[in-house]
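Q: Below is the sequence, then the predicted model.
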2 protein chains.
Amino acid sequence: MNPIMNDAPQAPDGERNARDQLIEAASQIMRDGDTVDLSLSELSLRSGLNSALVKYYFGNKQGLMLALLERDMRNIVNSLGALVAKDFAPDEKLRVHIRAVIGTYFRFPYLNRLLMRLVRDASPDVSRKIADDYLLPISAAYARLIDEGVQKGVFRPIDPQLFYFTVTGAADRFFSARLVLQHCYGQSEMTEQMRDDYADHTLDIIMPGLLRAKTG
Amino acid sequence: MNPIMNDAPQAPDGERNARDQLIEAASQIMRDGDTVDLSLSELSLRSGLNSALVKYYFGNKQGLMLALLERDMRNIVNSLGALVAKDFAPDEKLRVHIRAVIGTYFRFPYLNRLLMRLVRDASPDVSRKIADDYLLPISAAYARLIDEGVQKGVFRPIDPQLFYFTVTGAADRFFSARLVLQHCYGQSEMTEQMRDDYADHTLDIIMPGLLRAKTG
């Protein structure tokens, strides 16, 4: 279930589009500007919609940010839950998950910043809800996945919470990587090839530290 | 040499203190607020100084942010250069460096955000200078260190630029870790024990991916 999206009654197609367009415009502003700050005027410019619609659909700017977070995070949480429940090798599950996280952050490089901004600035009950909706399910899935790997003798025992920081930290690089590339190396675009190279690199670096050394 | 600090003539003790106090107040605001946004009024409140001194010492708020960046980054750049030049095993150098980076980000969790904010918002020549002063020397030191390890048969050949992202990504977690801990686990403080546990974890995860497997 999607608690934020389902608060509103079923909207007719035009309205649904306007709502989605505002969310997508917010996403583009954050991605292109390496920022999680939104101005209503830029939002209006990008979406071609009157910024009063933000109030209509989301109550305020924070409501729009929460809807964007829901759009982008829901998929990670659900996919991770489904992946952990599947019946194949835990190290292979982890490789699939890490590639998925890197792919998601490549598309939505602001995602971790947006999450943290909302946790920081929202009222305590909204912060609590963000933790309950996204952070705790992810944390629980990591704990299950690591535990499964340890039980099956594939993983060393490690702290799943710290390991979650390691994975998010690796994926979160895309937020600033473009800036570094641009100013240090004169490259202005992150390509899909760079994403894949970075995913390979990350798996090469992370997995040996997690896998129990083969004996014999 | 320290290009930003040395722009000003030698200041008498009182002035030196006021300048340093403003930098330290900016540091505290960023650390305590999980933010790199500064307001002049909060700066004045924290430092007990008139915010007009920001204009006097730094020209503007960005000048103060650049001075803070210099204070916190200079040490990393210099230590890394000295470390790489030393005559001991490259894997041991890397362990020392990664612990130092994690220690620095524990003290100054805003550091990477501040760097990226300035690269993003400053004029092209200031961004260029930030790249030249900090990013390129660090990048060159990583290239040398990885190359030395590969030459000596200790490291697998890996991309030093991507590896720099991995290390910074791991250390950068302290910016948001406190928020996650607070809202998910009801812990409000990052302790030195947690820093050391996280450094151990990071080394355990990263080093095996880098070290060439021992044969025999």
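A: That came through, no problem.

Q: where are the low-confidence patches of chain A?
A: Scanning chain A for pLDDT under 70 picks out the ranges A:1-16, A:175, A:184-185, A:213-216.

Q: Just checking the distance from the helix or strand where A:Leu66 lies to the centre of its chain.
A: A:Leu66 belongs to helix A:61-85 when assigned by DSSP states H and E. Between the centre of helix A:61-85 and the centre of its host chain there is 7 Å, according to CA atoms, centre = their mean, to the nearest Å.

Q: Name the residues of that helix that come out as buried.
A: Residues of helix A:61-85 classed as buried by neighbour count (16 or more other CB atoms under 10 Å in any protein chain shown): A:61-74, A:76-77, A:79-80, A:83-84. The C-beta positions use only the backbone N, C-alpha and C, and glycine is treated the same way.

Q: next helix or strand past that helix?
A: Moving toward the C-terminus from helix A:61-85, the first helix or strand encountered (DSSP H and E) is helix A:90-107.

Q: which other helices and strands contact the very next helix or strand once past that following helix?
A: If you walk from helix A:90-107 toward the C-terminus, the next helix or strand you reach (DSSP H and E) is helix A:111-121. Helices and strands touching helix A:111-121, by 3 or more CB pairs under 8 Å, 6 or more residues apart in numbering or on different chains; DSSP states H and E, are helix A:61-85, helix A:90-107, helix A:124-130, helix B:174-185.

Q: hmm, who's touching the host helix or strand of A:Ser41?
A: A:Ser41 is part of helix A:40-47, with elements assigned from DSSP H and E. Taking contacts as CB atoms under 8 Å, 6 or more residues apart in numbering or on different chains, the residues outside helix A:40-47 that touch it are A:21-22, A:24-26, A:28-29, A:50-51, A:54, A:61, A:64.

Q: Name the nearest of those relative to B:Val96.
A: A:Ile29 (41.1 Å; CB to CB).

Q: How many residues are close by that closest one?
A: Around A:Ile29 sit 20 other residues, with neighbours defined as other CB atoms under 10 Å in any protein chain shown.

Q: ok, now which ones touch it?
A: Listed by CB under 8 Å, 6+ apart, the contact partners of A:Ile29 are A:35, A:38, A:42-43, A:46.

Q: distance of it from A:Ser39?
A: When CB to CB, to the nearest Å is the yardstick, A:Ile29 and A:Ser39 sit 8 Å from each other.

Q: try A:Met116
A: 20 Å.

Q: Of the two, give the one with the bigger neighbour count.
A: A:Met116 (20 against 12).

Q: what about the residue lying closest to that one once chain neighbours are set aside, neighbour count?
A: On the basis of CB to CB, 6 or more residues apart in numbering or on different chains, the spatially nearest residue to A:Met116 that is not a chain neighbour turns out to be B:Ser176, at 4.2 Å. Here the neighbour count serves as a burial measure; for B:Ser176 (other CB under 10 Å) it reads 23.

Q: Most neighbours out of the contacts of helix A:40-47, which is it?
A: A:Ala26 (26 neighbours).

Q: hang on, isn't that one packed against A:Leu38?
A: Yes - contact status for A:Ala26 versus A:Leu38: in contact at 5.7 Å, counting by CB atoms under 8 Å.

Q: Overlap of the contact sets of those two?
A: Taking CB under 8 Å, 6+ apart as the contact criterion, the residues that touch both A:Ala26 and A:Leu38 are A:64-65.

Q: before we move on, back to that, buried residues in the helix holding A:Ser41, which are they?
A: For helix A:40-47, a neighbour-count test (16+ other CB under 10 Å) marks A:42-44, A:46-47 as buried.

Q: Considering those residues, which is situated nearest to chain B?
A: Using CB to the nearest CB, A:Glu42 comes nearest to chain B of the buried residues of helix A:40-47, at 15.4 Å.

Q: Quick one: residues contacting the closest residue in space to A:Ser79 that isn't next to it in sequence.
A: The shortest distance from A:Ser79 to any non-neighbouring residue, by CB to CB, 6+ apart, is to A:Ala100 (6.2 Å). A:Ala100 makes contact with A:76, A:79-80 under the criterion CB under 8 Å, 6+ apart.

Q: Please convert those to JSON lines, extending it with distance to B:Arg95.
A: Formatted as JSON lines, the entries for the contacts of A:Ala100 read as follows, by distance: CB to CB, whole Å:
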{"residue": "A:Ile76", "distance to B:Arg95": "32"}
{"residue": "A:Ser79", "distance to B:Arg95": "35"}
{"residue": "A:Leu80", "distance to B:Arg95": "31"}
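
Q: Now do the phi/psi pair for the nearest residue to A:Arg120 once chain neighbours are set aside.
A: For A:Arg120, ignoring the flanking residues on the chain, the nearest one in space by CB to CB, 6+ apart is B:Asp34 at 5.4 Å. B:Asp34 adopts backbone torsions of phi 50, psi 50, taken as degrees, to the nearest 10.

Q: now do A:Leu211
A: Backbone geometry at A:Leu211, expressed as degrees, to the nearest 10, gives phi -70, psi 140.

Q: Same question for A:Ile158.
A: Comment: the main-chain dihedrals of A:Ile158 come out as phi -130, psi 170, following degrees, to the nearest 10.

Q: in terms of contact, does it touch A:Leu210 like I think?
A: Yes - using CB under 8 Å, A:Ile158 and A:Leu210 qualify as a contacting pair, with a distance of 6.5 Å.

Q: Just give me the residues shared between the contact sets of the two.
A: Taking CB under 8 Å, 6+ apart as the criterion, A:Ile158 and A:Leu210 both touch B:Ile205.

Q: Between these two, which is the more surrounded one?
A: Counting neighbours by other CB under 10 Å for A:Ile158 and for A:Leu210 shows that A:Leu210 has the greater number, 22 against 18.

Q: And that one, how far from chain B?
A: A:Leu210 is 7 Å from chain B, where distance means CB to the nearest CB, to the nearest Å.

Q: swap in A:Gly63?
A: When distances are taken as CB to the nearest CB, A:Gly63 and chain B turn out to be 19 Å apart.
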